[in-house]
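In: mind folding the following:
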Amino acid sequence: MSAVSSGIHNVYNGIEDVLLSVARDVDDAVPTGASAHQDVLDQMAADVAGIRPALLDRGLYEALTELKGFRHLVRHRYGFDLKPDKVIENLKLLQNVFPAFIAAVTDLERTMRDGDDHDSAVSGGPER
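Out: Residues are numbered from 1 along each chain as shown. Presented below is the predicted three-dimensional model:
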């Protein structure tokens with residue numbers, strides 16, 4: 001369970017690194033401080049007018065918030081007191097989240113590369 005938990009922790013950290021890269025390179029605003037982990041999720045769930053559409057839809061935002069909480073538990077309890085059913089639950093969540101996250105990043109890249117009007121794409125398009 002410790003190895004699986006560590007793997008979930010590491011994949012979430014990689015996802016967060018991508019979010020921080022978008023915050024830095026696209027938004028030119030990187031969250032800092034005690035709430036930075038949540039703030040980057042909030043920032044990526046919001047449309048930035050004239051810059052980019054929201055990267056995270058509601059479902060992906062909520063799932064990543066759950067994984068962030070699990071990552072925090074793993075990091076600060078150092079793998080102790082991990083309940084196997086919670087580890088498996090978060091592994092299954094990650095197995096669904098990761099491909100959705102890759103698709104969201106790919107969609108963002110395509111939208112920005114093609115110069116689409118992201119305001120109309122976000123308001124009129126299907127939820128990711």
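In: now do the buried residues in stretch 74-92.
Out: By neighbour count on 16 or more other C-beta atoms under 10 Å, the buried set for stretch 74-92 is 74, 82, 87, 90, 91. From N, CA and C alone the C-beta is placed, and that goes for glycine too.
In: what would these look like in TSV with distance to residue 28 and secondary structure?
Out: Listed next are the buried residues of stretch 74-92 as TSV, based on distance: C-beta to C-beta, whole Å; DSSP: H, G, I helix; E, B strand; the rest coil:
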residue	distance to residue 28	secondary structure
74	31	helix
82	38	coil
87	37	helix
90	32	helix
91	35	helix
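In: lowest-confidence one in these?
Out: pLDDT is lowest at residue 82 among those; the value there is 82.
In: so which residue is smack in the middle of this protein?
Out: By C-alpha atoms, centre = their mean, the mean C-alpha position of the chain lies nearest to residue 64, the distance being 5.0 Å.
In: what helix or strand does that residue sit in?
Out: helix 58-77 (DSSP states H and E).
In: what comes into contact with that helix?
Out: With contact meaning C-beta atoms under 8 Å, 6 or more residues apart in numbering, helix 58-77 is reached by 5-6, 8-9, 12-13, 15-16, 37-38, 41, 44-45, 56, 82, 86, 90, 93-94, 96-97, 100-101, 104, 127-128.
In: let's see it at 7 Å
Out: With C-beta atoms under 7 Å, 6 or more residues apart in numbering as the test, helix 58-77 has contacts from 5-6, 8-9, 12-13, 15, 37, 41, 45, 56, 90, 93-94, 97, 100-101, 104, 128.
In: where does the prediction get shaky in the chain?
Out: Within the chain, the stretches with pLDDT under 70 are 78-80, 116-128.
In: cutoff 80 now
Out: Within the chain, the stretches with pLDDT under 80 are 77-81, 116-128.
In: the helices in it, which residues?
Out: 2-22, 36-44, 58-77, 84-114, 118-124 (DSSP state H).
In: quick check: which of these is buried the most?
Out: Of the helices of the chain, the one with the most neighbours on average (mean count of other C-beta atoms under 10 Å) is helix 36-44, at a mean of 19.
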